[in-house]
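**Student:** Quick check, what structure comes out for this input:
(chains A, B, C and D)
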Protein chains: 2
Amino acid sequence: MTLNRPKTRRPTIYDVARQAGVSPSLVSLVLQNPVRVSEKRREAVQAAISDLGYRPSRAATTLASSRTKSIGLVIDDYRNLWFVDLLRGMESALTEHGYQVMLADSRPGENRIKEAVDGLLAMHVDGLVIAAEPSPSMLGGVGVPTVVAGWRDGVPAGADLITNDDDGGGAMAADHLLGLGHRRIGHLTGSGGAAAHRREGFRARLQESGAEQWIVGDSGGTSEEDGYASACWLLDNHPDTTAIFAANDTMALGAFGAIKARGLAVPADISVIGYDNSTLAKSRYLDLTSVDNRSDLVGVDVANALLARIREPAIGPQRRLIEPALVVRGTTARRVHQA
Amino acid sequence: MTLNRPKTRRPTIYDVARQAGVSPSLVSLVLQNPVRVSEKRREAVQAAISDLGYRPSRAATTLASSRTKSIGLVIDDYRNLWFVDLLRGMESALTEHGYQVMLADSRPGENRIKEAVDGLLAMHVDGLVIAAEPSPSMLGGVGVPTVVAGWRDGVPAGADLITNDDDGGGAMAADHLLGLGHRRIGHLTGSGGAAAHRREGFRARLQESGAEQWIVGDSGGTSEEDGYASACWLLDNHPDTTAIFAANDTMALGAFGAIKARGLAVPADISVIGYDNSTLAKSRYLDLTSVDNRSDLVGVDVANALLARIREPAIGPQRRLIEPALVVRGTTARRVHQA
DNA sequence: ACGGCATTTTGTAGCGCTACAATTTGTAAG
DNA sequence: CTTACAAATTGTAGCGCTACAAAATGCCGT
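**Tutor:** As a prediction, the model looks like this:
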């Protein structure tokens, strides 16, 4: 076959072998596990490799060994930006092992998780990270080492689970507000799974403390509008509330709107704490205290779990929670006035 | 989907060929270009393919044809979220052609663009999208079809350039404010390339109109702090300013801070317009009028340019600007009071 | 019915690498 | 200086697909 490769053919292990005066097999060995090769030859091979600027062909390696050195990441929707931190964390742990990440989204709204997974499997990924709600059809396992990130339910058989400790984060928010002296606290929540955990962690901690709490919106959405509506209800029905914990930063923004509309000030009259530590929270203008779920750490942990499982597929399924971190900013303050 | 493939070898074209009663070559042909095959055999082959659940092996295809059906995207930094829209746009145009996108960041701060590119080239990507500042070492071209997205300088030889029309966006902001009757307008800018284009588009349009303009911060950064500082200077030195155009939404937020600190109201006293149409702008609470640079469209265009160049590498370099869109929200209003 | 030409189909030879068995080399004991 | 065994190295045979030339088939006019 005359490759229509314009000019310079890329060097192959044969070129390297000739240059180093060894057999191609030896070059392959050096590439895989330098330890089993005598120092003399190893050095010769490595010299030849850098001399020629040799780079192994992934396709050939894959075809011959049925390992692709690539792992697939399925996300639910590009618009859910939490995957960005997850991806960063994963990359940081995977690149040093020579793995490449391939991204596939699940065609938002169509529950095409299965298609996304199939596409990735068709590319022979060595491992799979599912950062989306697993489809029931995968419950029995998907046939490659798999880690679920961020979702707790429907984990495929044999898969690991690494997720944010939303319960812990809720408790963290509760502790922060309690520590500031608040005793009448509202929580704006939503119907989703993550929101439920944040809510439960919060609820339990407040209950222990004996403080009053009102939880609003547990059957609604988690948008800014939802936050606004829930905050309105809360402020109108329990005007003595001194602090609000919102299930995410966007809802916290909605709360800001409701608070402002009633002529109240943050944090002088009401403390507000959000969740996600998003760009919104970080902005100086808003300066929102928020719980950071450390998705970057989730990414690192996911990567390590996957690497471990690729090495040893038989180990029992792992489940790990990553502890969030509270980022205190200007919207929470010590309770000052009144009974 | 028979995902669980514990033992069962995946079917190959040989299996398909046997099942369909044709030669493996014919199956390959059907896979590549069904048109050149008689209808009878084509149908037989396609039936066999779905019968067996056959999926071509990417690695084998790549090895045999030296095409990988994957394209590499180099971004400067995962934290620069504009790549998300770019990626979405690209995916939407590429997946229907069977291409996969591989992402690589340039190790922020270390200017490792070249390493990122090398890594991608080592994977034999069929095309390359550089959404970061090209390194001078690539000026001569990188050897595969390349498109630069969003950066205007240092475009490698033979590469296409698809970028946001920042000049046009600046002019758009100017027109919007002029149309609302503003005649004394400030602009918060920064030292970067994109900011320079936005500034220039704005400046030229305002100059044509004869309105007064003050441009602040052209040697500074583009953070919220920078926006705050520039807005302070502007409001203190030109208190009769009635509108502010910020080079990005974050700086607009800084301007909000400065305006609030002086007891002024948006948009009653001062109109504010940002750039990027980020999450910040979209939030109901801020409700910031902003110029959307349509990075999603850039992505689509980038993908199409790349596909065209892969098909026909010899075509002359293309340069295209994507027109931004103005998103009018609540922070800009008709000028009311005073001379 | 048959040559002549276009169209369809097939056989052959790799693509660059790895697995694994076979072979060579090194080494310590006898 | 062998012999025996471990360690290092090599040859062979694919992995699953495509390119290309060669062969087979179809179709037309005469």
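**Student:** CA atoms for contacts and neighbours, from now on please.
**Tutor:** Fine.
**Student:** Ramachandran coordinates for the closest residue in space to A:Thr12 that isn't next to it in sequence?
**Tutor:** Closest residue to A:Thr12 apart from its sequence neighbours, by Cα to Cα, 6 or more residues apart in numbering or on different chains: A:Tyr54 at 6.8 Å. Backbone torsions for A:Tyr54, taken as degrees, to the nearest 10, come to phi -70, psi 140.
**Student:** Residue numbers of the stretch 151-300 of chain A in contact with chain B?
**Tutor:** Taking Cα under 8 Å from any Cα of the partner chain as the criterion, the stretch 151-300 of chain A approaches chain B at residues A:Glu224, A:Glu225, A:Thr250, A:Leu253, A:Gly254, A:Phe256, A:Gly257, A:Thr279, A:Leu280, A:Ser283, A:Arg284, A:Tyr285.
**Student:** In the stretch 51-200 of chain A, which residue sits closest to DNA strand C?
**Tutor:** A:Pro56 (3.4 Å; Cα to the nearest atom of the strand).
**Student:** Just the residues of the stretch 151-300 of chain A next to chain B: which are in helices?
**Tutor:** A:Glu224, A:Glu225, A:Thr250, A:Leu253, A:Gly254, A:Phe256, A:Gly257, A:Thr279, A:Leu280 (DSSP state H).
**Student:** out of those residues, who's nearest B:Gly190?
**Tutor:** B:Gly190 lies nearest to A:Thr279 out of these, by Cα to Cα, at 20.1 Å.
**Student:** Can you report how many residues neighbour the closest one?
**Tutor:** By the criterion of other Cα atoms under 10 Å in any protein chain shown, A:Thr279 has 16 neighbours.
**Student:** check contacts around the nearest residue to it once chain neighbours are set aside.
**Tutor:** Spatial nearest neighbour of A:Thr279, excluding adjacent residues (Cα to Cα, 6+ apart): B:Leu280 at 7.7 Å. The contact partners of B:Leu280, by Cα atoms under 8 Å, 6 or more residues apart in numbering or on different chains, come to A:Thr279, A:Leu280, B:Asp249, B:Thr250, B:Leu286, B:Leu288.
**Student:** Equivalent analysis for A:Asp292, please.
**Tutor:** A:Asp292 makes contact with A:Tyr275, A:Asp276, A:Asn277, A:Pro324, A:Ala325, A:Leu326, A:Val327 under the criterion Cα under 8 Å, 6+ apart.
**Student:** returning to that earlier point: dump the ones in helices among the residues of the stretch 151-300 of chain A next to chain B to TSV, plus distance to DNA strand D and pLDDT.
**Tutor:** Shown next, in TSV, are those (distance: Cα to the nearest atom of the strand, whole Å; pLDDT from 0 to 100):
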residue	distance to DNA strand D	pLDDT
A:Glu224	49	90
A:Glu225	51	91
A:Thr250	47	92
A:Leu253	52	93
A:Gly254	53	94
A:Phe256	57	95
A:Gly257	58	92
A:Thr279	45	85
A:Leu280	48	86
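**Student:** buried subset of those residues?
**Tutor:** Buried members of those, scored by 16 or more other Cα atoms under 10 Å in any protein chain shown, are A:Glu224, A:Glu225, A:Thr250, A:Leu253, A:Gly254, A:Phe256, A:Gly257, A:Thr279, A:Leu280.
**Student:** Which residue, neighbours along the chain excluded, lies closest to the residue most central in space within chain A?
**Tutor:** The structure's chain A has its C-alpha centroid closest to A:Leu86; by Cα atoms, centre = their mean the separation is 3.4 Å. Among residues not flanking A:Leu86 along the chain, A:Gly299 sits closest, at 4.3 Å (Cα to Cα, 6+ apart).
**Student:** and chain A, which of its residues are near DNA strand D?
**Tutor:** Neighbours of DNA strand D within chain A, by Cα under 7 Å from any atom of the strand: A:1-4, A:21-26, A:29, A:36-38, A:40-42, A:60, A:63-65.
**Student:** Now do the SS call for A:His187.
**Tutor:** Here A:His187 is strand, with the state taken from DSSP: H, G, I helix; E, B strand; the rest coil.
**Student:** how deep is A:Arg262 tucked in, by neighbour count?
**Tutor:** A:Arg262 has 11 nearby residues by other Cα under 10 Å.
**Student:** Next to DNA strand C, which bits of chain A? Give me the list.
**Tutor:** Checking chain A against DNA strand C by Cα under 7 Å from any atom of the strand, the hits are A:1, A:9-14, A:24-25, A:27-29, A:31-32, A:55-58, A:60-65.
**Student:** Stretch A:43-51 near chain B at all?
**Tutor:** No - if you take Cα under 8 Å from any Cα as the test, stretch A:43-51 misses chain B, and the best it gets is 14.0 Å.
**Student:** and what of stretch A:126-141?
**Tutor:** Yes - judged by Cα under 8 Å from any Cα, stretch A:126-141 comes into contact with chain B through A:Gly141.
**Student:** Low-confidence ranges, chain A, go.
**Tutor:** A:1-8, A:107-111, A:337-339 (pLDDT under 70).
**Student:** Helices of chain A, start to end?
**Tutor:** Going by DSSP H, chain A shows helices at A:13-20, A:24-32, A:39-52, A:58-65, A:82-94, A:113-122, A:166-179, A:193-209, A:224-237, A:249-261, A:279-282, A:295-311.
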